[in-house]
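Peer 1: Got a sequence here, can you build the structure:
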Amino acid sequence: MNSQGIGKYRWTICALLFFATTINYLDRQVLSLLAPALSNEFGWSNSDYANITAAFQFVYAIAMIFAGRFIDKIGTKKAFMLAISIWSLGAIMHAYSLFFGDLVNTVAATLGLAVVPVSIAGFMLSRAVLALGEAGNFPAAIKATAEYFPKKERSFATGIFNSGANIGAVLAPISVPLIASAWGWQATFIIIGAVGFFWLGCWMIFYDTPEQQRRLSAAELAYINHDQVQEGTSAVAGNTEKKFSWMQLLAYRQTWSFAFGKFMTDGVWWFFLFWLPKYLAAQYGMQSTDFVVPLAVLYSMTMVGSIGGGWFPTYFIKRGDSPYDGRLKAMLVIAFIPLMVLLAQPLGGISYWLPVIFIGIGASAHQAWSANIFTTVSDMFPKHAVASVVGIGGMAGGLGGVLITKMGGWLFDYYGALGQLSTGYTIMFALCAVAYLVAWSVMKLLVPRYKIISDI
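Peer 2: Coordinates of the predicted model:
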């Protein structure tokens, strides 16, 4: 079916998802940019900072699996409204971390549990609430994309909204140091956290399911659904009431393929997101506003990967490959690109710009990978199960993120005590560089051929 002259309202939904993802990443990155200053103010070690960031990743991982099922049950609109409300409140809570830290320690002492320094306890609680809400973003966004886009456009639409992560990552180093220097770190969390409530109003006005969307033409609705007959009649009819369990989903290799790919690679992106300011501070003595230009350049590079990576599979699809096979071929090419990160440390002594560029290339490749791995779910599963499968994979990715964060904190403290901090970063960069090839190999082994799941 020709997409010309049928309407473009689906791209309005894509724009909403883009801005939600921008806010999502803007909120989660504030702490990493303030981390060098907060570490000095509160006396955090690398392991302390790793514990704070791991609290986010652990809660995010657990919440993801429930978020997917919750979204499938109550629908995309209500679920997204709840998710962004919770994560915006969690972002604002960081400003009152000392108060919440006192509260946490009071409760812990009452229960006879060990207490931790007030600042650490408060930030861990705030990160946990932030993670609880942010866990809803990607399952809801992928589900909305499956609802509003035909299969051939999904990876491109996913690449566009996923590039919001890059915009958020670019805006953060520009805005956070300026707000913090003008009004303090507490105000930074409050101001940036409040942005989510503006998006909430837009979502309430402009989003509804395609079948109930008055702004969507009949021709565009038909275009959206024209290639969905393969998913079964219940999916085409928009029936989201079919019952299935997690155990049913875990019986499919397709679920394990997606989950393993996320486990191996999500932590790489989070490592770059949460540790780069600490890396630049430790290796090059950068402070606060010094991060603005290099991080803005680095994350601007990732926009190319996100949008370009979303488009890339169409090259293979137009040559006759199925959507899944085209995506897997694109992902294999993409998996080689992060090997450039291996050059970051050996050449870093020349100029800090070389590791920034090499890491930027690796981070750009991650976003290209991410746009495609998310879309493999909607390629193979019916719409009513998409968010649940994304939730399972998100949990795996979150646990992978916890592992790599804790590993990084331990390595940096260990080698830092020996006066060899750069060795710790060399090890971590090497792990990040090869993760995608390992992930692709196992995914291809689990699902060597394209097969649609139609019996759930």
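Peer 1: so how far is residue 428 from residue 270?
Peer 2: Separation of residue 270 from residue 428 (CB to CB, to the nearest Å): 12 Å. Every C-beta, even on glycine, is put in place using the N, C-alpha and C of the backbone.
Peer 1: Please enumerate the shared neighbours of these two.
Peer 2: Counting by CB atoms under 8 Å, 6 or more residues apart in numbering, the contacts common to residue 270 and residue 428 are residue 404.
Peer 1: who has more neighbours, the two?
Peer 2: For residue 270 versus residue 428, the count of surrounding residues by other CB atoms under 10 Å is larger for residue 270: 26 against 21.
Peer 1: Could you verify my assumption that that one touches residue 57?
Peer 2: Yes. Under the criterion of CB atoms under 8 Å, residue 270 makes contact with residue 57 at 6.5 Å.
Peer 1: Quick check: neighbours shared by those two?
Peer 2: Common contact partners of residue 270 and residue 57 (CB under 8 Å, 6+ apart): 401, 405.
Peer 1: tell me, how many neighbours does residue 284 end up with?
Peer 2: Residues contacting residue 284 under the criterion other CB under 10 Å number 14.
Peer 1: Same check on residue 299?
Peer 2: Using other CB under 10 Å, residue 299 is surrounded by 28 other residues.
Peer 1: Who's the closest spatial neighbour of it, skipping the chain neighbours?
Peer 2: Excluding the flanking residues, the one nearest residue 299 by CB to CB, 6 or more residues apart in numbering is residue 169, at 3.7 Å.
Peer 1: show me what contacts that neighbour?
Peer 2: Residue 169 is in contact with 25, 26, 29, 273, 295, 299, 302, counting by CB under 8 Å, 6+ apart.
Peer 1: go on, residue 387?
Peer 2: Residue 387 neighbours (CB under 8 Å, 6+ apart): 67, 68, 69, 71, 72, 76, 139, 140, 142, 143.
Peer 1: So which bits of stretch 191-209 are buried?
Peer 2: By neighbour count on 16 or more other CB atoms under 10 Å, the buried set for stretch 191-209 is 191, 192, 193, 195, 196, 199, 200, 203, 207, 208.
Peer 1: again but with stretch 91-103, I slipped
Peer 2: By neighbour count on 16+ other CB under 10 Å, the buried set for stretch 91-103 is 91, 92, 93, 94, 95, 97, 100, 101.
Peer 1: could you dump those residues to TSV with distance to residue 120 and secondary structure?
Peer 2: What follows is the buried residues of stretch 91-103, written out as TSV (distance: CB to CB, whole Å; DSSP: H, G, I helix; E, B strand; the rest coil):
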residue	distance to residue 120	secondary structure
91	18	helix
92	19	helix
93	14	helix
94	13	helix
95	16	helix
97	9	helix
100	11	helix
101	7	helix
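Peer 1: For residue 224, state which of these is nearest.
Peer 2: Among those, residue 91 lies closest to residue 224 (CB to CB), at 33.5 Å.
Peer 1: Residue 123: how many residues sit nearby?
Peer 2: Neighbour tally, residue 123, other CB under 10 Å: 28.
Peer 1: Would you mind pointing out the helix or strand it falls in?
Peer 2: Applying DSSP states H and E as the criterion places residue 123 in helix 118-134.
Peer 1: which helices and strands sit right next to that helix?
Peer 2: Other elements packing on helix 118-134 under the criterion 3 or more CB pairs under 8 Å, 6 or more residues apart in numbering; DSSP states H and E are helix 9-42, helix 46-74, helix 76-93, helix 97-110.
Peer 1: Could you rerun that using 10 Å?
Peer 2: Applying 3 or more CB pairs under 10 Å, 6 or more residues apart in numbering; DSSP states H and E, we find helix 118-134 packed against helix 9-42, helix 46-74, helix 76-93, helix 97-110, helix 185-206.
Peer 1: Which among those helices is found nearest to residue 321?
Peer 2: The closest of the helices and strands packed on helix 118-134 to residue 321 is helix 9-42. By CB to CB, the value is 23.9 Å.
Peer 1: For the closest one, buried residues please.
Peer 2: So, applying 16+ other CB under 10 Å, buried residues of helix 9-42: 9-10, 13-14, 16-39, 42.
Peer 1: cool, and stretch 289-297?
Peer 2: By neighbour count on 16+ other CB under 10 Å, the buried set for stretch 289-297 is 290, 291, 292, 294, 295, 296.
Peer 1: Okay, the residue nearest to the first one when sequence neighbours are not counted and residue 166: tell me how far apart.
Peer 2: Think residue 290. Using CB to CB, 6+ apart and skipping the chain neighbours, the partner closest in space to residue 290 is residue 280 (7.5 Å). For residue 280, the distance to residue 166 equals 18 Å [CB to CB].
Peer 1: Helix, strand, or coil at the closest residue to residue 428 other than its chain neighbours?
Peer 2: Using CB to CB, 6+ apart and skipping the chain neighbours, the partner closest in space to residue 428 is residue 408 (5.3 Å). Following DSSP: H, G, I helix; E, B strand; the rest coil, the label given to residue 408 is helix.
Peer 1: Pass me the low-pLDDT residue ranges in this protein, would you?
Peer 2: 1-5, 227-242 (pLDDT under 70).
Peer 1: For the stretch 351-456 of the chain, which segments count as strands?
Peer 2: Taking DSSP state E, counting those that start in this stretch as the criterion, the stretch 351-456 of the chain contains no strands.
Peer 1: So what's the residue count around the residue nearest to residue 428?
Peer 2: 29.
Peer 1: residues contacting it?
Peer 2: Going by CB atoms under 10 Å, 6 or more residues apart in numbering, residue 408 touches 46-47, 49-50, 53-54, 267, 270-271, 274-275, 278-279, 424-425, 427-428, 431-432.
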